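Novice: pasting the sequence and the predicted model now:
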There are 2 protein chains.
Amino acid sequence: MKDGPDIARVAALIGDPARANMLTALMTGQALTATELAAEAGVTPQTASSHLAQLEAGGLVRPRRQGRHKYVSLAGEEVAAVLEGLMGLAAGTGQLRTRVGPRDAALRTARVCYNHLAGEMGVWLYDALLEQGYLLAGAERPELTEAGAAFAGRFGVDLEALRGRRSPLCLDCLDWSMRRTHLAGSLGRALLARILEQGWARREAGSRAVLFSASGEAALREAVLRE
Amino acid sequence: MKDGPDIARVAALIGDPARANMLTALMTGQALTATELAAEAGVTPQTASSHLAQLEAGGLVRPRRQGRHKYVSLAGEEVAAVLEGLMGLAAGTGQLRTRVGPRDAALRTARVCYNHLAGEMGVWLYDALLEQGYLLAGAERPELTEAGAAFAGRFGVDLEALRGRRSPLCLDCLDWSMRRTHLAGSLGRALLARILEQGWARREAGSRAVLFSASGEAALREAVLRE
DNA sequence: TTCATGCTTCGACCATCACCGAAACATCCG
DNA sequence: CGGATGTTTCGGTGATGGTCGAAGCATGAA
């Protein structure tokens, strides 16, 4: 039966190890050049070029030319969410590729998921926002309450600017390590940006890890939990 | 470079058209037999068997043998969520195939499966017991909770008598019209017995059909959902 | 301009894997 | 018991697609 949605085509794109490595590398949210991605995937630039062409045609990544460089980033949050979901499935079947180490622990604690916060801290933040009544879950997408809008203001997020964009304000994203939902969308991205701006946490170069300082973590909890 | 689980393995599983068609067919939540899935995928049973073995090894589907048939269903909600996400990524979201099950409407609605309730009502009852927290699924056999025991008492079931017997209290049984799980075991039998005793439904002579009256159906829903 | 760097296209090689025929195995029915 | 149906294993074939070398653009620097 040849009909049906082209789920196979998209999945086959992700299904190649070289392309999967590229996409995983792009989960940091950074835009990488074609040669950098070739190195990540462990293939020659020729091969990487072919892969990137396919990923573009499949709508998974978005290229941006700058001079003679070609910067590539994930096409959007939906792509990141699907990749995160796939990681959850892979982790669930015990097919971890990396042996557990200190770096893994850091990733589990807090990491970047495309452009928002994931890991234990991400899940905690999501749950806390729900508990404080700032966020309403249950529907197709989470919804920000009035109290939540006020909170965002206190947090230093310019909601009006975010609402003007096309991308949705709030989105659910599934965490592969926690198997729980955390907050994506432009609000999720803005919250992470503020956390970094405040110096509560910093990003490890070339990694998805987000390193909170002890005082930074306390400050975040304080900011979210205060009534 | 290599952080996170190996998504290529899982994605490659979904990436084959035949397997993708199988998974898409399973998105209804129904369990399908191996030959039915072969037809869905448009391949021979031999090929389908190979695909199913891979999907099982990858943890995407869960098999269940009943007689000489092999019923296969999705391994869990996470799998369905990922498939849903992939469908969203696919540009032209295709249509879902709708399979028509049994011919007799009455049998499909409610019937006797050996000694317990099957059909739409049977599946509804099973789901409702889960949702109310009366039943715990997921293990080898469903388990009755304390609240479930209390419910059984209110329902008029003598649990002590049932527990004395050798036959298991709770058993999963696969519905041939819904292709979903419903409750068998001595408790399943006792529940059906009480339903008939209360006059909520009656059996049609010489048939497996169980005919609920409108008030009887309402009474059953009331009894299960109250609180 | 000439050279260097980054990316893409072309061509060919080759491993992987889906596919099916045949046959074995398992289960149910009469 | 034998016959029918559903599922699995095995062996061999064929095709899709990843891979790289070599060469062809494109951009930036000297």
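Specialist: Noted; the coordinates are in hand.

Novice: tell me the centre residue of chain A?
Specialist: Centroid-nearest residue in chain A, with CA atoms, centre = their mean: residue A:113, separated by 2.0 Å.

Novice: residues in contact with it?
Specialist: Contacts for residue A:113 (CB atoms under 8 Å, 6 or more residues apart in numbering or on different chains) come out as A:27, A:80, A:84, A:122, A:173, A:175, A:182, A:184, A:208. In short, each C-beta sits where N, CA and C put it, glycine included.

Novice: okay, now the first one: neighbour count?
Specialist: Just to be clear, that refers to residue A:27. Residues within reach of residue A:27, counting by other CB atoms under 10 Å in any protein chain shown, total 23.

Novice: following the helix or strand harbouring residue A:151, which helix or strand comes up?
Specialist: According to DSSP states H and E, residue A:151 maps onto helix A:146-155. As assigned by DSSP H and E, the chain's next helix or strand after helix A:146-155 is helix A:159-164.

Novice: could I get the buried residue list for that following helix?
Specialist: Of all the residues in helix A:159-164, those buried under the rule 16 or more other CB atoms under 10 Å in any protein chain shown are A:159, A:162.

Novice: circling back: quick one: mean pLDDT over the helix holding residue A:151.
Specialist: Regarding helix A:146-155, the rounded mean pLDDT is 93.

Novice: and that helix, what's buried?
Specialist: A:148, A:151-152, A:155.

Novice: before we move on, back to that, what bridges to the residue nearest to the centre of chain A?
Specialist: When bridges are called by DSSP bridges, residue A:113 pairs up with residue A:116.

Novice: just how off-centre is the helix holding residue A:151 within its chain?
Specialist: Helix A:146-155 has its C-alpha centroid displaced from the chain centroid by 23 Å (CA atoms, centre = their mean, to the nearest Å).

Novice: and the helix of greatest length in chain A, what other elements does it pack with?
Specialist: In chain A, assigned by DSSP state H, the helix with the most residues is helix A:77-92. Secondary-structure packing of helix A:77-92 (3 or more CB pairs under 8 Å, 6 or more residues apart in numbering or on different chains; DSSP states H and E): helix A:7-15, helix A:17-26, strand A:171-174, strand A:181-184, helix B:7-15, helix B:77-89.

Novice: for these, which one sits closest to residue A:33?
Specialist: Nearest of these to residue A:33, taken as CB to CB: helix A:17-26 at 11.2 Å.

Novice: keeping just the C-alphas, turn that closest one into PDB.
Specialist: Taking C-alpha atoms only, helix A:17-26 is exported to PDB below (Å, rounded to 0.1, in the frame of the first residue of the first chain):
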ATOM      1  CA  PRO A  17      23.400   7.800  11.500                       C
ATOM      2  CA  ALA A  18      25.300  10.700   9.800                       C
ATOM      3  CA  ARG A  19      22.200  12.900   9.600                       C
ATOM      4  CA  ALA A  20      21.100  11.900  13.100                       C
ATOM      5  CA  ASN A  21      24.400  13.100  14.400                       C
ATOM      6  CA  MET A  22      24.000  16.300  12.600                       C
ATOM      7  CA  LEU A  23      20.600  16.900  14.000                       C
ATOM      8  CA  THR A  24      21.700  16.000  17.500                       C
ATOM      9  CA  ALA A  25      24.500  18.500  17.200                       C
ATOM     10  CA  LEU A  26      22.000  21.100  16.100                       C
END
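
Novice: who's in contact with the helix or strand following it?
Specialist: Following helix A:17-26 in sequence order, the next helix or strand is strand A:32-33 (DSSP H and E). Strand A:32-33 has contacts (CB under 8 Å, 6+ apart) with A:25-26, A:40, A:69-73.

Novice: could you flag which of those are buried?
Specialist: Buried, going by 16+ other CB under 10 Å: A:25-26, A:40, A:70-73, out of those.

Novice: among the residues you listed, which ones are in helices?
Specialist: Judged by DSSP H, the subset of those located in helices is A:25-26, A:40.

Novice: check those against chain B, which are close?
Specialist: When CB under 8 Å from any CB of the partner chain is applied, the members of those adjacent to chain B are A:25, A:40.

Novice: turn the ones in helices among the buried ones among the contacts of strand A:32-33 into CSV, columns for pLDDT.
Specialist: CSV is the format used below for those (pLDDT from 0 to 100):
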residue, pLDDT
A:25, 91
A:26, 92
A:40, 88
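
Novice: closest one of the ones in helices among the buried ones among the contacts of strand A:32-33 to DNA strand D?
Specialist: Nearest to DNA strand D out of those is residue A:40 (CB to the nearest atom of the strand; 12.1 Å).

Novice: I'd guessed the closest one sits against residue A:19; true?
Specialist: No. Residue A:40 is beyond contact range of residue A:19, at 10.6 Å (criterion: CB atoms under 8 Å).

Novice: hmm, stretch A:47-66 touching DNA strand C?
Specialist: Yes. Residues of stretch A:47-66 are located near DNA strand C by CB under 7 Å from any atom of the strand, namely A:48-50, A:52-53, A:63.
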